[in-house]
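**Q** Sequence below, structure please.
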Amino acid sequence: MRAQQLPQDLAIDLRQLVMTIANTIDLVGVDDVLHGRRVGMMARELACNLGWNGATQSLLYDAGLLHDCGVSSTRVHRNLVVDLEWAGAQEHCIRGDALLHDFAPLAHLAPIIRYHHSRWEWLESQSLAADTALHANLIFLADRIDVLAAPYHAEQTVLAHAKEIRARLAAERGRLFCPELIDAFLALSEGEAFWLDLQPDSVHQYQLEMESHGEPRTIGWADFKRCADIFARIIDAKSHYTEQHSQGVARLSRHLAERLGLDFVACEKIEVAGLLHDIGKLQIPDEIIEGHTGLSEQEFNIMKSHSYGTRQVLKRLHAIDEIARWAAYHHETPDGHGYPFHVGGDALPLEARIINVADIFQALAQERPYRAPMPPAEIIAILQQRASEGRADPLVVATVAADLANCHRIALCQS
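**A** Numbering: from 1, shown residues only. Reported below is the predicted structural model:
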């Protein structure tokens, strides 16, 4: 049997891809979305101060941007940005390593992320490559500098606290941090410019300068699909209630697309859009996602922002613009009264309509804090009611109804 033709390989700037993943991770910060970018910036500047070569500087910038890729929960994020050490920190390091090590373009960052919360005195005793230990410890140092300085950015009082931050970190010389790295930090941070560069305008400018030195490359479709799976696993780890939600939506969307006669390339793309559709949900506080009562008007308005967040994160990847629109439109409806773009009628693509139905079906089939999982008969009744009111595509809903038991199994990722 002749193999199906995959979608074309994608011309993607690797720096843009790293920044897209980094922006996804930074959404978890909710109130402070620059933590990863500041860590990357400081890591690169410290490497420069140490006289390390340009390739190593870029490596550490990327590692700093992605160091928290194992964090999806806003509660976990709050713990990580409060204390120098935290008992649960290693969990997100292990998870971050697991997310990246199978994605070839970024697998070289996985060992650094695995050990970026490890004490130097422990790293020295391990049989790790010398560069891995040193690079991971540099990310740890940059990360903890930012944790200590971040509370003072809003009031622009970081200069008043620079001396105490320097002293606190210097006290960990040889224990938490490599002496060579602490010495480089103390030399670099003696100048006020080091601390002033942590302000938002400077961080954004630094990011733009780094993006101007991009690394265009062709990424095969299979590799990009693995990258989309990384996004999905970051998203779905936000809450145990949403475990495998993106995977389920992706699989059901593809199944429905196949039954509706879309070609193989379209089915591949719609599966990826399903994996990416809820990126913006990372910026929603856990307390709203896991609330045990109905949403207040203000909470619902916050929830409505997540589709817009998906579009904002993905728009820098021009090679997947069509896929990004399908993903961002997953709460749009045929009558034009969905959110947040109010796209309807002929302007709402069939692929987005499919993802909309798949998203509702999968969410209703899963447990939520305020209700038990719904049985298939109740789910299809809700979808049929929505279709009669113009809030779901009738053909897509009819396709679900004609294969209800199978759709339920696929949505819950059951083999």
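
**Q** any low-confidence regions in the stretch 201-350 of the chain?
**A** For the stretch 201-350 of the chain, residues meeting the criterion pLDDT under 70 lie at 240-241, 292.

**Q** now the strands for it?
**A** 216-219 (DSSP state E, counting those that start in this stretch).

**Q** Which residue ranges of it form helices?
**A** 221-236, 245-259, 264-276, 286-289, 297-314, 321-328, 350-365 (DSSP state H, counting those that start in this stretch).

**Q** of all the ones you listed, which lies closest to Ala193?
**A** helix 297-314 (30.6 Å; Cβ to Cβ). All C-beta spots, glycine's among them, are computed from the backbone N, C-alpha and C.

**Q** which other residues reach that closest one?
**A** 20, 23-24, 27, 276-285, 288, 291, 295, 320, 323-325, 327-331, 339-341 (Cβ atoms under 8 Å, 6 or more residues apart in numbering).

**Q** in stretch 21-33, what counts as buried?
**A** By 16 or more other Cβ atoms under 10 Å, the buried positions in stretch 21-33 come out as Ile21, Ala22, Asn23, Thr24, Ile25, Asp26, Leu27, Val28, Gly29, Val30, Asp32, Val33.

**Q** gap between Leu186 and Leu169?
**A** 8 Å (Cβ to Cβ, to the nearest Å).

**Q** Compare the two and say which is more crowded by neighbours.
**A** Taking other Cβ atoms under 10 Å, Leu186 and Leu169 do not tie; Leu169 has more neighbours (21 against 14).

**Q** can you confirm the more buried one is in a strand?
**A** No. Per DSSP: H, G, I helix; E, B strand; the rest coil, Leu169 lies outside any strand segment and is helix.

**Q** Tabulate the helices of the stretch 201-350 of the chain in TSV, adding columns for distance to Ile382.
**A** Shown next, in TSV, are the helices of the stretch 201-350 of the chain (distance: least, Cβ to Cβ, whole Å):
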stretch	distance to Ile382
helix 221-236	23
helix 245-259	15
helix 264-276	20
helix 286-289	21
helix 297-314	18
helix 321-328	22
helix 350-365	7
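
**Q** now these in a markdown table, with mean neighbour count and distance to Ala63?
**A** Shown next, in a markdown table, are the helices of the stretch 201-350 of the chain (neighbours: other Cβ atoms under 10 Å; distance: least, Cβ to Cβ, whole Å):
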| stretch | mean neighbour count | distance to Ala63 |
| --- | --- | --- |
| helix 221-236 | 20 | 15 |
| helix 245-259 | 25 | 25 |
| helix 264-276 | 23 | 23 |
| helix 286-289 | 16 | 26 |
| helix 297-314 | 18 | 20 |
| helix 321-328 | 22 | 26 |
| helix 350-365 | 25 | 33 |
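
**Q** domains of the protein?
**A** The chain breaks down into these structural domains: 31-211, 220-411 (assignment by automatic domain parsing).

**Q** Please state the offset of the shortest one from the chain centre?
**A** The reference is to domain 31-211. With Cα atoms, centre = their mean, to the nearest Å as the basis, domain 31-211 stands 18 Å off its chain's centre.

**Q** Offset the numbering so it begins at 33, please.
**A** Noted, 33 is the first residue going forward, which turns the last one into domain 63-243.

**Q** Of the helices of the stretch 233-382 of the chain, which is nearest Ile145?
**A** Using Cβ to Cβ, the helices of the stretch 233-382 of the chain put helix 253-268 closest to Ile145, at 12.3 Å.

**Q** Need the contact partners of the closest one.
**A** Applying Cβ under 8 Å, 6+ apart, the set of residues contacting helix 253-268 is 38-42, 44, 49, 53, 56-57, 101, 104, 131-132, 134-137, 251, 274-279, 282, 300, 303-304, 307-308, 310-311, 313-314, 352.

**Q** Contacts only, for Tyr151.
**A** Wrong residue type there; residue 151 is Arg, not Tyr. Arg207, Leu208.

**Q** for Ala75, that is, sorry about that
**A** Contacts for Ala75 were tallied using Cβ under 8 Å, 6+ apart; they are Leu92, Tyr93, Ala95, Gly96, Leu170, Ile171, Ala174.

**Q** make it 10 Å
**A** By Cβ atoms under 10 Å, 6 or more residues apart in numbering, the contact list for Ala75 reads 89, 91-97, 99, 144, 148, 167, 170-175, 177.

**Q** Check Leu284 too.
**A** 303, 306, 386-387, 389-391, 393-394, 397, 432, 438-445.

**Q** swap the cut-off to 8 Å and go again
**A** Counted by Cβ under 8 Å, 6+ apart, Leu284 has contacts Gly306, Ala390, Phe393, Gln394, Cys439, Ile442, Ala443.

**Q** Would you format those as a markdown table with distance to His245 included?
**A** What follows is these, written out as a markdown table (distance: Cβ to Cβ, whole Å):
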| residue | distance to His245 |
| --- | --- |
| Gly306 | 33 |
| Ala390 | 40 |
| Phe393 | 44 |
| Gln394 | 41 |
| Cys439 | 47 |
| Ile442 | 43 |
| Ala443 | 43 |
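
**Q** what two of those are the furthest from one another?
**A** Across those (Cβ to Cβ), the longest gap, 13.6 Å, separates Gly306 and Cys439.

**Q** closest to Arg70 out of the helices of the stretch 233-382 of the chain?
**A** helix 329-346 (18.5 Å).

**Q** Report the angle between that closest one and helix 353-360.
**A** 170 degrees (axes from the mean of the first three to the mean of the last three Cα atoms, to 10 degrees).

**Q** what angle do helix 329-346 and helix 296-308 make?
**A** 130 degrees.

**Q** For Val113, give me the pLDDT.
**A** On the pLDDT scale, Val113 is placed at 53.

**Q** and if you look at Thr431?
**A** Confidence score, pLDDT, at Thr431: 98.

**Q** I'd like the next helix or strand past the host helix or strand of it.
**A** Element membership of Thr431 [criterion: DSSP states H and E] is helix 426-433. Using DSSP H and E, the next helix or strand after helix 426-433 towards the C-terminus is helix 436-443.

**Q** Export only the CA atoms of that following helix, formatted as PDB.
**A** Extracted in PDB, the C-alpha atoms of helix 436-443 (Å, rounded to 0.1, in the frame of the first residue of the first chain):
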ATOM      1  CA  LEU A 436     -21.000   7.900  19.100                       C
ATOM      2  CA  ALA A 437     -19.400   5.000  21.000                       C
ATOM      3  CA  ASN A 438     -16.200   5.200  19.000                       C
ATOM      4  CA  CYS A 439     -16.000   9.000  19.400                       C
ATOM      5  CA  HIS A 440     -16.300   8.600  23.100                       C
ATOM      6  CA  ARG A 441     -13.500   6.100  23.200                       C
ATOM      7  CA  ILE A 442     -11.200   8.200  21.100                       C
ATOM      8  CA  ALA A 443     -12.000  11.400  23.100                       C
END
